[in-house]
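Peer 1: What would the 3D arrangement of this be:
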Amino acid sequence: MRSLNFYSSAHHGNILTRKKTCTIRLGDKSGKYQEGDVVLVTYGNRFEPRKELFKAVLDKVEVKPLSALSEQDIKGESPDMRGTDEVVAFLKKIYGRDIGPDETVTVIHFSEITS
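Peer 2: Below is the predicted model:
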């Protein structure tokens, strides 16, 4: 089973409260993640133990330029974000490099699987 891992402590609260319903990743990840896939949502830093949070189904996987993000995409990433500029600033912090509005991103919408 594939995992959808979150590193940043900025995601932790929104994931635990289930307010985070999508993730925006740099590059084209459509070969790795596809609609209908079941993934394990985890939290933790690379090369360190990770905490299993829940299983989820990938509802929609879209590849598009960063500048084409919808309001739904942005709110799904974080309900506190107000626009593309805030997404760019956030991604710069996560990826540790400059990011332009024409960069390709993959938007992955997911829903928790409950028992």
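
Peer 1: C-alpha only now, for contacts and for neighbours.
Peer 2: Fine.

Peer 1: got the residue ranges for the strands in the chain?
Peer 2: Along the chain, counting by DSSP state E, strands occupy 2-6, 22-26, 38-43, 51-65, 104-112.

Peer 1: highest average neighbour count across those?
Peer 2: Each of the strands of the chain was scored by mean neighbour count; the highest is strand 104-112, a mean of 22, by mean count of other Cα atoms under 10 Å.

Peer 1: residues in contact with that strand?
Peer 2: Strand 104-112 is contacted by residues 21-30, 33, 54-66, 73, 76 when judged by Cα atoms under 8 Å, 6 or more residues apart in numbering.

Peer 1: in the chain, what secondary structure element scores lowest on mean pLDDT?
Peer 2: Ranked by mean pLDDT, DSSP states H and E, the weakest helix or strand in the chain is helix 9-16, scoring a mean of 75.

Peer 1: Quick one: end-to-end length of stretch 14-22, please.
Peer 2: With Cα to Cα, to the nearest Å applied, stretch 14-22 spans 11 Å between its terminal residues.

Peer 1: Would you mind listing the buried residues in that stretch?
Peer 2: Buried residues in stretch 14-22, defined by neighbour count with 16 or more other Cα atoms under 10 Å: Asn14, Ile15, Lys20, Thr21, Cys22.

Peer 1: Which residues does that stretch contact?
Peer 2: For stretch 14-22, contacts defined as Cα under 8 Å, 6+ apart pick out His11, Leu53, Asp73, Gly76, Glu77, Ser78, Pro79, Val107, Ile108, His109, Phe110, Ser111.

Peer 1: tell me which of those is nearest to Gly100?
Peer 2: Checking those against Gly100 with Cα to Cα, the nearest one is Val107 at 16.1 Å.

Peer 1: roughly how far apart are Phe54 and Asp80?
Peer 2: Distance from Phe54 to Asp80, counting by Cα to Cα: 22 Å.

Peer 1: what's the answer for Gln72, then?
Peer 2: 12 Å.

Peer 1: what's the answer for Val41, then?
Peer 2: Counting by Cα to Cα - Val41 and Asp80 are separated by 21 Å.
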